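**Student:** Provided below are the primary sequence and the corresponding predicted coordinates.
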Amino acid sequence: MSARPVRLAPAVGDPAALARLAVEVLRLELDTYPKPGLVSRIDSGSHDDMEAATFEASAAALEPYFADLAEAGAQGLPMAQLRRIGLAAEAAMRAATGGVNTHRGAIFGLGLLVSAAGALAAPGHRPAPFALGAHVRARHAGAILDGPVLLHAPGARARRRFRVGGAPAEAAAGFPTLYRVGLPALHRGRRARAGEEAARVEACLALIAALDDTNLLHRGGEAGARFAREASAAFLAAGGVGQDGWRDRAEALHRAFVARRLSPGGAADLLAMTLFVDQLERAP
Ligand SMILES: CC(C)(COP(=O)(O)OP(=O)(O)OC[C@H]1O[C@@H](n2cnc3c(N)ncnc32)[C@H](O[C@H]2O[C@H](COP(=O)(O)OP(=O)(O)OP(=O)(O)O)[C@@H](O)[C@H]2O)[C@@H]1O)[C@@H](O)C(=O)NCCC(=O)NCCS
Ligand SMILES: Nc1ncnc2[nH]cnc12
């Protein structure tokens, strides 16, 4: 629930600063409350194996890997090299959290955006609108979709069982849900003048309403995922963070997700990625 100020993009053209920004957006995601079913600094949502400190430890451990990804992007290295760094980052995450999966989706998606920022951002020059996602699609879509599948990962099982594309499809398509849903909702939330945290809540709920999140499918099946999408869409249709009493209504939604053990981890990752792109790209 902090009013942590968002640092404005000194990151352009500097791998170490891009990595700091990546960690900062992970922390901003964690700061955000209420986020239905998700871990925040207020509570652990639908999780009994992790809390805010677990996410803090994980985010801090990832910083050097994000710097490597930015550098790899600047050198134009192929997906195979990015994957090697990503797998090392996953190992660092597990070491920092005692084996808990906090940020695997974020390592993948945010990692690809950090590498794109390394490739495109030059000092004093912000990438154009949509440029980071377009770069990931143009440069890596084929390798992402043809990449090795981790057969026993819950996400991979959910993708096969429910026939959804999940994190790899979102990245290979240039992050359409981030650009078409997350960023517009963040900007709409800011216009409600309820503050930065409220704008992040608006973006989070819009992402939950739109995304085929394999975490929701894995934990709640199709019925759970439908409940999550429809309840979030109803919050937005009632005015989102522009409505009177929006925080009470969002907290009620949080409790409803927790009662069903639902956790939209993919939407949480995309919220962090939305904040990263918002900081770096020029406004459309
Ligand atoms: C390519 C990989 C991403 C393969 O992963 P997988 O086959 O599992 O694919 P997905 O399920 O599609 O996605 C993995 C994670 O991405 C997040 N996610 C889910 N849906 C979407 C979506 N539609 N769009 C974008 N992102 C999505 C989500 O991550 C978050 O949730 C995790 C925590 O969940 P939790 O509830 O705890 O669930 P589990 O621990 O899984 O089990 P239970 O506790 O419920 O029992 C957390 O990671 C969040 O970040 C999905 O989990 C990729 O992993 C891979 O190949 N990696 C190699 C490295 C690499 O190539 N890197 C590239 C360069 S950096
Ligand atoms: N805040 C959060 N809670 C639960 N899962 C997540 N995955 C990414 N961020 C998360």
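**Tutor:** Sure thing, it's come through. Numbering: from 1, shown residues only. Ligands and ions are numbered 1, 2, ... in the order given.
**Student:** Show me what from the stretch 151-284 of the chain comes close to ligand 2.
**Tutor:** Within the stretch 151-284 of the chain, the residues that sit near ligand 2 (Cβ under 6 Å from any ligand atom) are 263, 265, 268-269. C-beta here means a position set from N, CA and C on the backbone, and glycine is covered the same way.
**Student:** Tell me the residues of the stretch 51-200 of the chain that contact ligand 1?
**Tutor:** Near ligand 1, when you scan the stretch 51-200 of the chain using Cβ under 6 Å from any ligand atom, you find 69, 82-83, 86-87, 101, 103-109, 111-112, 147, 150, 153-156, 159, 166-168, 170.
**Student:** Show me the residues you listed that map onto strands.
**Tutor:** Using DSSP state E, no member of those sits in strands.
**Student:** Filter those down to the buried ones, ChimeraX style.
**Tutor:** Applied in ChimeraX, the following selects the buried portion of those according to 16 or more other Cβ atoms under 10 Å:
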select :69,82,83,86,101,103,104,105,106,107,108,109,111,112,155,156,159,166,167,168,170
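**Student:** Look at residue 11 and report its pLDDT.
**Tutor:** You'll see residue 11 listed with a pLDDT of 57.
**Student:** what's the answer for residue 4, then?
**Tutor:** On the pLDDT scale, residue 4 is placed at 44.
**Student:** before we move on, what about residue 28?
**Tutor:** Reading off the model, residue 28 has pLDDT 98.
**Student:** Surely it and residue 203 touch.
**Tutor:** No - taking contacts as Cβ atoms under 8 Å, residue 28 lies outside contact range of residue 203: 10.8 Å.
**Student:** can you pull the buried residues of stretch 217-227?
**Tutor:** Result for stretch 217-227 [16+ other Cβ under 10 Å]: buried residues 217-220, 224-225, 227.
**Student:** got the residues of the stretch 1-150 of the chain near ligand 2?
**Tutor:** 29-30, 38-39, 45, 47.
**Student:** Select from those every entry located in helices.
**Tutor:** Assigned to helices by DSSP state H, the following of these qualify: 29-30.
**Student:** now, which of the residues of the stretch 1-150 of the chain next to ligand 2 sits nearest residue 186?
**Tutor:** For those, the closest approach to residue 186 (Cβ to Cβ) belongs to residue 29, at 12.1 Å.
**Student:** Need the nearest residue in space to that closest one, chain neighbours excluded.
**Tutor:** residue 272 (4.2 Å; Cβ to Cβ, 6 or more residues apart in numbering).
**Student:** If I look at that neighbour, what pLDDT would I see?
**Tutor:** So residue 272 comes in at 98 (pLDDT).
**Student:** and what of residue 216?
**Tutor:** So, for residue 216, pLDDT stands at 96.
**Student:** need the contact list for it.
**Tutor:** 224-225, 228, 262-264, 266 (Cβ atoms under 8 Å, 6 or more residues apart in numbering).
**Student:** thinking again about what came up before, correct me, but the residue nearest to residue 29 touches residue 105?
**Tutor:** No - Residue 272 is not in contact with residue 105 according to Cβ under 8 Å; the separation is 9.5 Å.
**Student:** The helix or strand the residue nearest to residue 29 falls within packs against which elements?
**Tutor:** Under the criterion DSSP states H and E, the helix or strand holding residue 272 is helix 265-280. Using 3 or more Cβ pairs under 8 Å, 6 or more residues apart in numbering; DSSP states H and E as the contact definition, the elements that helix 265-280 packs against are helix 15-31, helix 104-120, helix 131-145, helix 166-172, helix 183-191, helix 196-210, helix 214-237.
**Student:** Alright, calling it a day.
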